[in-house]
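> need a structure here:
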Amino acid sequence: MTYRIATFNANSIRARLDIILAWLSRHRPNVLCLQETKVPDEDFPIKPIIQAGYQVVFKGQKSYNGVAVLCLSQPDEVSWGLGGDDREADVRLLSVRVDGLRVVNTYIPQGREVGTPHFAYKLDFFKRLGEYFQSGFSSQEPLIWAGDLNVALTDEDVYDPKRLSGQVCFHPDEQAALKAVAQWGLVDVFRRHHPEGRAFTFWDYRLPKSVDRNLGWRIDYIWVTQPLAERSTDAFVDLEPRRMPKPSDHTFLVADFEL
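You can find the predicted model right below:
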């Protein structure tokens with residue numbers, strides 16, 4: 001059976017709801033991870049998602065952050081955040097267990113500017129996330145880590161590596177932090193199937209015709225533990241939603257598995 005996982009930074013679920021619902025109808029993933037839902041829980045659009053045939057769990061706030069996981073099956077475990085009193089982490093990380101799989105949906109802080117407290121918080125978030133995986137899970141169990149990680153790992157993951165080198169989201173400290181988390185036992189599914197070449201997931205609104213000119217970044221990921229990597233059959237970026245009217249600045253990343 002083909003099992004499909006997808007991730008999408010919606011940049012406001014209410015603004016992109018039509019795009020999301022159309023995409024769900026067309027591609028029918030088993031699990032869709034959403035980031036930057038930007039809506040308090042009482043205003044989350046539950047009804048149309050349920051009408052589309054999906055269960056949904058979510059945690060959000062007004063105007064910023066927010067994560068949600070949509071599943072065809074009912075999740076049997078749900079948790080938020082990284083522990084402790086970091087309330088911002090609660091609206092940046094959502095973990096569910098569904099169909100025997102652990103799915104960790106994450107919206108990593110953007111960092112704003114290198115050298116600021118926001119950038120330091122981003123690096124610390126990665127550090128705590130690594131501890132979260134190491135203390136709470138086994139790399140031998142089927143686990144999926146998906147989301148907007150706000151880091152481009154290699155020169156092939158940005159449109160102009162020379163000019164962008166050292167900027168936020170393409171800084172060696174962030175790259176090292178992401179790699180440290182992945183060393184726990186995670187495989188970048190997209191690169192497993194496409195080891196070379198550029199395929200972006202984010203195009204900045206501020207750059208004119210950034211999609212047509214392919215001025216993008218690959219900052220959205222689906223990482224999996226080895227047991228799932230061995231069962232992965234495909235991974236791809238769906239560019240079409242980014243070309244639709246009033247799109248998010250991100251698009252959908254998809255991975256398929258034979259389970």
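> quick one, helices of the protein?
With DSSP state H as the criterion, the chain has helices at 17-27, 46-51, 87-90, 117-136, 161-164, 172-182, 189-193, 226-229.
> Please identify the deepest-packed of the ones you listed.
Highest mean neighbour count among the helices of the chain (mean count of other CB atoms under 10 Å): helix 189-193, with a mean of 20. For the C-beta atoms, the positions are set from N, CA and C on the backbone; glycine is no exception.
> how far does it sit from the chain's center?
Helix 189-193 sits 15 Å away from the centroid of its parent chain (CA atoms, centre = their mean, to the nearest Å).
> and it, what's its mean pLDDT?
Across helix 189-193, pLDDT averages out at 98.
> cool, and stretch 140-154?
In the prediction, stretch 140-154 has an average pLDDT of 98.
> May I see the buried residues of it?
Buried residues in stretch 140-154, counted by 16 or more other CB atoms under 10 Å: 142-153.
> Tell me which of the helices of the chain sits nearest to residue 77.
helix 117-136 (11.5 Å; CB to CB).
> and the closest one, what other elements does it pack with?
Packed against helix 117-136 by the contact rule (3 or more CB pairs under 8 Å, 6 or more residues apart in numbering; DSSP states H and E) you find helix 172-182.
> Which strands or helices does the helix it packs on pack on?
helix 117-136.
> Check what contacts the helix it packs on and list those residues.
82-83, 89, 92-93, 104, 106, 108-113, 139, 143, 145, 150, 168, 173-174, 177-178, 180-181, 184, 186 (CB atoms under 8 Å, 6 or more residues apart in numbering).
> Let's see it as CSV, backbone CA atoms only.
C-alpha atoms of helix 117-136 as CSV (Å, rounded to 0.1, in the frame of the first residue of the first chain):
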residue,chain,number,x,y,z
PRO,A,117,18.6,36.8,20.4
HIS,A,118,16.2,35.4,17.8
PHE,A,119,19.0,33.7,16.0
ALA,A,120,20.3,32.3,19.3
TYR,A,121,16.8,31.0,20.1
LYS,A,122,16.7,29.2,16.8
LEU,A,123,20.0,27.4,17.4
ASP,A,124,18.8,26.5,20.9
PHE,A,125,15.6,25.2,19.5
PHE,A,126,17.6,22.8,17.3
LYS,A,127,19.6,21.7,20.3
ARG,A,128,16.5,21.0,22.4
LEU,A,129,14.9,19.2,19.4
GLY,A,130,17.9,16.9,19.1
GLU,A,131,17.5,16.1,22.8
TYR,A,132,13.8,15.6,22.3
PHE,A,133,14.4,12.9,19.7
GLN,A,134,17.2,11.2,21.6
SER,A,135,15.4,11.0,24.9
GLY,A,136,11.9,10.2,23.6
